[in-house]
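Asker: below: sequence and its predicted model.
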Amino acid sequence: MKIHSFTVQPNLPDNIKFLEELASDMWFTWNWPAILLFMQIDPKLWTDSRRNPKWMLGCVPQKRLEELSRDEAFVQQVNKVKEAYYNYKNNPHTWYKEHKREQGDMLTAYFSMEYGIGEGLPIYSGGLGMLAGDHIKSASDLGMPIIGVGLFYKKGYVQQLLNREGWQNEEYPDNDWAHMAVEHVCDKDGKEIIVEVPLGANESVKACVWRVNVGRTDLYLLDTNLQENTPAQRLITEKLYGGDRENRIRQEIVLGIGGVKALNAMGMHPTVYHINEGHSAFLLIQRMIDIMRERNMDFAQAREIVWASSVFTTHTPVIAGNEHFDPVLVRKYMQYYAEQMGIGWEEFLALGKEKADSATFCMTVLALRLTAYANGVAKLHGVVSREMWRNLWPSLPVDEVPIDSITNGIHSSSWVSHEINDLYRKYLYNGNQLDEVDPSETALWDKVKDIPDEELWAVHGQRKTKLINMARSRLKAQLKRQGFDVMTVNKTSRVLKPDVLTIGFARRFATYKRATLLFKDLDRLDKIVNHPLRPVQFVFAGKAHPADTAGKEFIKTIYNLTQNDPRFKNKIIFIEDYNMNIARYMVQGVDVWLNNPIRPMEASGTSGMKAAVNGALMLSILDGWWDEVGPCDFGWSIGGAEKYASDAERDAVEAESLYNLLEQEIAPTYYAKNDKGFSSGWLALMKKSIHQIAPVFNTNRMVKEYYEKFYVGANNFGQLLSQDNHAAQVAAWRKKIADNWFRVSVTDITTAFDKAILMGDKVHFRARVFLGALSPEDIQVELYLGTRGALGGIQKEDAVDMHVAGNDGDAYIYEVEISPFNSGRQDYALRILPACDKVPNVLTPFFIRWEE
Ligand SMILES: *Cc1c(COP(=O)(O)O)cnc(C)c1O
């Protein structure tokens, strides 16, 4: 049976018709006056619609719309928001316009499997999606030409429903495009754009493209749920991370390969491609195929262009968190593409294998091999990633592995409460509600200290009350659903107290995040929670991955303690179905944000940044972004950076540290209240924390950093290599190096000194270098200075280029003179690197020769 449908649009009176436009741009998600408009229309519908104005407008009775159009104050507000919206869209002075420094025109295509833009668009699961959403929003705020590419899932990400025993059950709500802020992308004749994506040689799937407006930028989502596809194909984009391994690879082909095809079909020509986590790395393959065809190039040449203009961000230090596929499965789908590129299957497979004998094809490896710019998402994660992937750069010292770090951030205006934001506007920006501000302008935050304690405390109190009310009504609804009697349900009004120190913990229940650490010693926790003078209460939330039984056990354990243990009932609570909305209430309402993963497994973490910009203080393991801040005097660090002999020992030491901090530092500071009812010591910490954290850990700073460090270079090198025959030259250079590298060697390094060297003396170095068929232009010889490591390597302190001073038979003589910069013993080594000024990074080709 074929079912047809049609959609009836609400008929908004002319003077409030703008609401329709507003509802179809996710800009509203970070503009409180816009949100307020929708709330005023019908607060209950607003909540029921999951804050999706497009859906809501379709449900508001015509009578109510007429009524609003006669309400002068409302119409005035609509006009104000309209003006602000158009000012935003048309602002000629964006950061990008004033700081643009790349050659030509950049367009960055940002690919991600998930996006957390707003609750009404549930195509996210956790931190990765939040980051992607915040990246796009900051790109919009900065006016930077970045577009997002992702998938449109038929079902929203899993909703969590706890049963009476605290076991997590799951539901998947339908995403109905007719009621969401998405629109079909059509070509200039008004025909829907459909791309066809081969799934191996014998199958292909069609995908349509949806556009989501996000302020000044757009997000494009591919969707295979089309009549013309087979039922199995229609399910490819059914669920985020849904299905088996085979469906996953099909999803990733649709995202990566389909994404590039969709951009082509829309007539867009990005100059930079940013791969946010390995899922979308197949885009590199399609780009090479396109370039080979369009420019009549071979694989090696196309690879140079793609490599030079691609950026890759890795997100997880957990090996299993990196996407690995069985080569048999990869072959089924990708051999077809290998043939298009004219390379053999083994050569293709090698692109995704960490080592020659690796058993799996890893998307992270594929991305690292084929992108010139790569990064981890915090400094510590950079260190961990370089260590983790050093096998791809054999013989390169680990510090030099070209995986940089750019620390994550948050889109501040999406996460800061409007109450606190009003204070910021009053004291920091002294401006009007609708001005644009850039949170990464550090000087702004110097005025945090001018906010009067009373005001900051009062506003914080309001948000805490809102959190408590939200928690109570959520629990009430939950208990009702679970079938409890009215008496029990009504007792939820006793949950949490507004004047008690409140600590929040919310995150995915992956076991490494150790949600149960706090519960290690229940007697100790009892004393903390029920302290006669300084009680503490806790709010927990988080989902486990549907297949993660261990994570679900954690939830069950905590839930049962909160429900059945009289010591903790009403004082420790678990809120069901963690999502952006609950996250917002929590980060805006708690006093302290708790984060206790196993170091260094939390690549960055961002929820703490959200809490900090709202004035909550951090209580965290020195991991992820917090490792860049703590230990400090405006938050607390649990444990240190030491390594432990066992998991049990680590948990014991860190739980002890956590309890001690709560008992001896946090509670006493919080409860040192003055006659105005607050602790001025605590307020000072809040202000210092905001001042130190808010200007740095936001996505404006982050996106600027991606621009400066990566996008400009990727754009410029990509364009350079696309011109004339540069790509061919670079490919030829690389082949020449590869063919001749085995002949390259260094011998007879000598230092010319016959007496003791004094500080300030010059030291002369000289070496014989054999280059075989290579010439000095193809390589560079480096004198590498440092200290000898325990393992025989050398810890780099400096590297100096040597220059050719002549020939000696078939060898070149290289020389350099330096003034030692330290006294004491100096170690040095000599190495040869390839050299070429047309590539962004010579370390990647893996050709390094040390003196033997
Ligand atoms: C911020 C956020 C996350 C990520 O938080 P982490 O600190 O990385 O655990 C996950 N889910 C939601 C709903 C969020 O708002």
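Answerer: Looks like it came in fine. Since we're looking at a predicted model, the values are computed, not measured.
Asker: look up phi and psi at the nearest residue to Ala359 once chain neighbours are set aside.
Answerer: Ranked by Cβ to Cβ, 6 or more residues apart in numbering and with sequence neighbours excluded, the top spatial neighbour of Ala359 is Pro327, at 7.8 Å. C-betas here are computed from N, CA, C, even on glycine. Here is the backbone geometry of Pro327 (degrees, to the nearest 10): phi -60, psi -30.
Asker: got a pLDDT number for Gly156?
Answerer: Predicted confidence (pLDDT) for Gly156: 84.
Asker: that one reaches Asp176, doesn't it?
Answerer: No. Gly156 lies out of contact with Asp176 (Cβ atoms under 8 Å); the separation is 9.9 Å.
Asker: neighbour-wise, which of these two wins?
Answerer: Counted by other Cβ atoms under 10 Å, Gly156 and Asp176 do not tie: Gly156 has more neighbours, with 24 against 12.
Asker: could you report the neighbour count for the nearest residue to that one once chain neighbours are set aside?
Answerer: Nearest non-adjacent residue to Gly156, counting by Cβ to Cβ, 6+ apart: Pro122, 3.3 Å away. Per other Cβ under 10 Å, the neighbour tally for Pro122 reads 26.
Asker: next, work out how far apart Pro122 and the ligand are.
Answerer: 10 Å (Cβ to the nearest ligand atom, to the nearest Å).
Asker: the spatially most central residue of the chain: which element?
Answerer: By Cα atoms, centre = their mean, the mean C-alpha position of the chain lies nearest to Leu131, the distance being 3.6 Å. Under the criterion of DSSP states H and E, Leu131 resides in helix 127-142.
Asker: which secondary structure elements does that helix contact?
Answerer: helix 95-99, strand 108-111, strand 146-151, strand 204-214, strand 217-223, strand 272-276, helix 412-415, helix 699-706 (3 or more Cβ pairs under 8 Å, 6 or more residues apart in numbering; DSSP states H and E).
Asker: please tabulate the ones you listed in JSON lines, including the columns mean pLDDT, mean neighbour count and distance to the ligand.
Answerer: Conversion of the helices and strands packed on helix 127-142 to JSON lines gives the following (pLDDT from 0 to 100; neighbours: other Cβ atoms under 10 Å; distance: least, Cβ to the nearest ligand atom, whole Å):
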{"stretch": "helix 95-99", "mean pLDDT": "96", "mean neighbour count": "15", "distance to the ligand": "24"}
{"stretch": "strand 108-111", "mean pLDDT": "98", "mean neighbour count": "26", "distance to the ligand": "18"}
{"stretch": "strand 146-151", "mean pLDDT": "98", "mean neighbour count": "28", "distance to the ligand": "17"}
{"stretch": "strand 204-214", "mean pLDDT": "98", "mean neighbour count": "22", "distance to the ligand": "17"}
{"stretch": "strand 217-223", "mean pLDDT": "98", "mean neighbour count": "24", "distance to the ligand": "18"}
{"stretch": "strand 272-276", "mean pLDDT": "98", "mean neighbour count": "27", "distance to the ligand": "14"}
{"stretch": "helix 412-415", "mean pLDDT": "97", "mean neighbour count": "24", "distance to the ligand": "8"}
{"stretch": "helix 699-706", "mean pLDDT": "98", "mean neighbour count": "24", "distance to the ligand": "12"}
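Asker: how about a markdown table for these, with distance to Met297 added?
Answerer: Below are these laid out as a markdown table (distance: least, Cβ to Cβ, whole Å):
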| stretch | distance to Met297 |
| --- | --- |
| helix 95-99 | 31 |
| strand 108-111 | 21 |
| strand 146-151 | 24 |
| strand 204-214 | 25 |
| strand 217-223 | 27 |
| strand 272-276 | 17 |
| helix 412-415 | 42 |
| helix 699-706 | 28 |
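Asker: count of neighbours near the residue in the stretch 151-300 of the chain positioned nearest to the ligand?
Answerer: With Cβ to the nearest ligand atom, the shortest gap between the stretch 151-300 of the chain and the ligand falls at Tyr157, namely 9.7 Å. Tyr157: 23 surrounding residues under other Cβ under 10 Å.
Asker: hang on, it in a helix?
Answerer: No. In this structure, Tyr157 is coil, not part of a helix, as judged by DSSP: H, G, I helix; E, B strand; the rest coil.
Asker: from what I can see it touches Leu121, true?
Answerer: No. The criterion here is Cβ under 8 Å, and Tyr157 misses it with Leu121 at 10.5 Å.
Asker: pLDDT on whichever strand or helix holds Val816, on average?
Answerer: Element membership for Val816 (DSSP H and E) is strand 811-818. Mean per-residue pLDDT for strand 811-818: 92.
Asker: quick one on the thing from earlier: wait, which of the helices and strands packed on helix 127-142 is closest to Cys836?
Answerer: strand 272-276 (20.5 Å; Cβ to Cβ).
Asker: same for that closest one, what does it pack against?
Answerer: Strand 272-276 packs on strand 108-111, helix 127-142, helix 283-295, strand 310-313, helix 712-722, going by 3+ Cβ pairs under 8 Å, 6+ apart.
Asker: let's go with 6 Å and repeat that
Answerer: strand 108-111, strand 310-313 (3 or more Cβ pairs under 6 Å, 6 or more residues apart in numbering; DSSP states H and E).
Asker: show me what the helix or strand that the last one is followed by pairs with in its sheet, parallel or antiparallel.
Answerer: Using DSSP H and E, the helix or strand that follows strand 310-313 in sequence is strand 324-325. Here the strand partners of strand 324-325, with direction, are listed using DSSP bridges: strand 361-362 (antiparallel).
Asker: and the angle for the following helix or strand past the strand it pairs with with helix 283-295?
Answerer: Next helix or strand after strand 361-362 toward the C-terminus (DSSP H and E): helix 363-370. Per axes from the mean of the first three to the mean of the last three Cα atoms, to 10 degrees, the angle that helix 363-370 makes with helix 283-295 is 40 degrees.
Asker: give me the contact list for helix 363-370.
Answerer: Helix 363-370 is contacted from outside by 275, 278, 281, 284, 307, 312, 314, 322-323, 351-352, 354, 374, 389, 392, using Cβ atoms under 6 Å, 6 or more residues apart in numbering.
Asker: point out where the stretch 351-500 of the chain drops to low pLDDT.
Answerer: By pLDDT under 70, the low-scoring segments of the stretch 351-500 of the chain are 431-435.
Asker: what about the helices in it?
Answerer: Along the stretch 351-500 of the chain, counting by DSSP state H, counting those that start in this stretch, helices occupy 363-370, 379-388, 412-415, 418-427, 453-481, 486-490.
Asker: CA atoms only for the fourth one, dumped as CSV, please.
Answerer: In other words, helix 418-427. Taking Å, rounded to 0.1, in the frame of the first residue of the first chain, the C-alpha atoms of helix 418-427 are listed here in CSV:
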residue,chain,number,x,y,z
HIS,A,418,19.3,33.9,30.6
GLU,A,419,19.3,35.1,34.3
ILE,A,420,23.1,35.0,34.5
ASN,A,421,23.4,36.3,31.0
ASP,A,422,21.3,39.4,32.1
LEU,A,423,24.0,40.0,34.8
TYR,A,424,26.7,39.7,32.2
ARG,A,425,24.9,42.1,30.0
LYS,A,426,24.5,44.5,32.8
TYR,A,427,28.0,44.4,34.2
